[in-house]
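A.B. asks: kindly return the folded structure for what I paste below:
(chains A, B, C and D)
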Protein chains: 2
Amino acid sequence: MPFSKDSFKSAFSVDNVIFAFDQGKLQVLLIKRAEEPFKNQWALPGALVNIDENLRDAPMRTLKELTGLEDVFLEQVFTFGKVDRHPKGRVITVAYYSLINKNAFSLQASSFAQEVKWLAINDIDSLAFDHYEIMMVCLRRLQESVRRRPIGFELLPETFTLSDVQDLYEAILHKELDKRNFRKKILSLKILDDINEYQQNVAHRPAKLYKFNIDKYEQFKDRGFNFEI
Amino acid sequence: MPFSKDSFKSAFSVDNVIFAFDQGKLQVLLIKRAEEPFKNQWALPGALVNIDENLRDAPMRTLKELTGLEDVFLEQVFTFGKVDRHPKGRVITVAYYSLINKNAFSLQASSFAQEVKWLAINDIDSLAFDHYEIMMVCLRRLQESVRRRPIGFELLPETFTLSDVQDLYEAILHKELDKRNFRKKILSLKILDDINEYQQNVAHRPAKLYKFNIDKYEQFKDRGFNFEI
DNA sequence: CCAAAAGTGTTATTGATACACCCATGG
DNA sequence: CCATGGGTGTATCAATAACACTTTTGG
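C.D. replies: Below you'll find the predicted structure:
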């Protein structure tokens, strides 16, 4: 049972910025609100926290309802608690972000939203509530994280080219990177395994395919690195 | 009015890890609990969030009650929300940490605690609830922050020596640092102003005194730096 | 004159940056 | 044979790391 749902004076919620990478762009999953306030406006997916549910399970539940996915990268970012952030009462919300591979699932019909869509983050300029601010705070956190820990690979398919990785980093950091230096650096981390296969049917020299090395990831998770790019 | 105080089933709180630097050690302010649960055990200062109070104001209120201080460095760290983290009901808590100069005030009597004390963080090995974990998460965040932004000077008196700064960094990072390299690096940031004064009445060569340059701080606050030490 | 902490420079190594051409494939 | 993106190396510069002795004061 969510906090104080019936006599709504105060509530406790989570919002989840779900990132994916598609068509060279960083995309965010949005829902169109079916109810007031902000009816018919785009918003971040979220949920009230059930009283018998661990906090982290709330955004996981949202994610599962929307995408069917479990075991997804999920990181808590910040808790937003201004008194007036929700027009109908006091709602404190914990923001999370997730990284998913868009191709691994299809969007599911969901009860709480009329409509669901992906939108490139650079094409979003307003959202319901303070969700735009929440999204941008999550983006900044993703940008910091991607420079310090080997995350981001959750956004790619199982095998990918070095150019895919570079395109992803450029999309996240919103910045062009030098090809040779990028390759040197990412390979020096030894988190990518060359699988000795190549792209097929491309109208140019086929690129080598790589796989993400999960063991090295585990080593770096705590230790971190400094991807100065 | 705090969330659901009377019929306590769920509540929303903040806990504040208040750091100070004294006798070469990083200290944390603790309160002895006057009530069950965990009666007579040491805990982090905290408060329930009032329904008409911005989230960030709650730890500031705690701080003011305990120390009389306002305008203190305060950073949100993480929100802890396991179902069973509080034995008496569902309490989600937002952890903050503060940095204060221990000499600038005296501890005040407080209603919610029998007793208040400073304890060196290395001498703390358990606390009420999950407060030990909360404290350690805040410490890690402080350690990260101090390497990337010019924070920490809130812990020092208005004038200080370079050795004071080094001792502080060593206490925070729990690691010995090379004197010459440390000085080179910290001076290269230009956030310290040499005030052309010296220590008095010390039984050794007196050290130069420095002041923290708040303008340079503002520049670095967003830009950050990389204090690889 | 002793004890204590302050203060100071150089070298070696590592990492970051800037930069341009040839290669393999499909059409 | 053209267009497309894949792939590669070097030189310069900046930052980091390791390291030991002299100076100034009070007692």
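
A.B. asks: and chain A, which residues reach DNA strand D?
C.D. replies: Residues of chain A lying near DNA strand D by CB under 7 Å from any atom of the strand: A:161-163, A:179-181, A:183-184, A:203-208. Heads up, the C-betas are built off the backbone N, CA and C, glycines and all.

A.B. asks: of these, buried ones?
C.D. replies: Buried residues within these, counting neighbours by 16 or more other CB atoms under 10 Å in any protein chain shown: A:161-162.

A.B. asks: among the residues of chain A next to DNA strand D, name the ones in helices.
C.D. replies: In this view, these that belong to helices under DSSP state H are A:162-163, A:179-181, A:183-184.

A.B. asks: for chain A, what spans make up the helices?
C.D. replies: A:57-67, A:131-148, A:162-173, A:179-188, A:214-223.

A.B. asks: so where's chain A shaky on pLDDT?
C.D. replies: By pLDDT under 70, the weakly predicted segments of chain A are A:1-8, A:108-114, A:228-229.

A.B. asks: can you report how many residues lie near A:K175?
C.D. replies: Neighbourhood size, A:K175 [other CB atoms under 10 Å in any protein chain shown]: 10.

A.B. asks: swap in A:L209?
C.D. replies: 20.

A.B. asks: before we move on, what about A:K88?
C.D. replies: 10.

A.B. asks: phi, psi of it?
C.D. replies: phi -100, psi 0 (degrees, to the nearest 10).

A.B. asks: do I have it right that it meets A:S13?
C.D. replies: No - under the criterion of CB atoms under 8 Å, A:K88 makes no contact with A:S13, lying 12.0 Å away.

A.B. asks: what does chain A have sitting close to DNA strand C?
C.D. replies: That would be A:178-181, A:184-185, A:198, A:200-206, A:226, A:228-229, which are the residues of chain A within reach of DNA strand C (CB under 7 Å from any atom of the strand).

A.B. asks: now with 10 Å, please.
C.D. replies: A:177-185, A:188, A:198-207, A:225-229 (CB under 10 Å from any atom of the strand).

A.B. asks: what are the contacting residues of stretch A:176-195?
C.D. replies: Residues outside stretch A:176-195 that contact it (CB atoms under 8 Å, 6 or more residues apart in numbering or on different chains): A:150, A:153, A:159, A:162, A:165-166, A:169-170, A:208-213, A:216-217, A:220, A:225, A:227, A:229.

A.B. asks: that should have said stretch A:82-89, apologies.
C.D. replies: A:8-11, A:37, A:90-91, A:93, A:129-130, B:52-55.

A.B. asks: export those residues to CSV and tack on neighbour count?
C.D. replies: CSV is the format used below for these (neighbours: other CB atoms under 10 Å in any protein chain shown):
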residue, neighbour count
A:F8, 15
A:K9, 12
A:S10, 21
A:A11, 20
A:P37, 11
A:R90, 23
A:V91, 21
A:T93, 26
A:F129, 21
A:D130, 18
B:D52, 10
B:E53, 20
B:N54, 14
B:L55, 20
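
A.B. asks: could you tell me which strand of chain A is the longest one?
C.D. replies: Criterion DSSP state E: the longest strand present in chain A is strand A:10-22.
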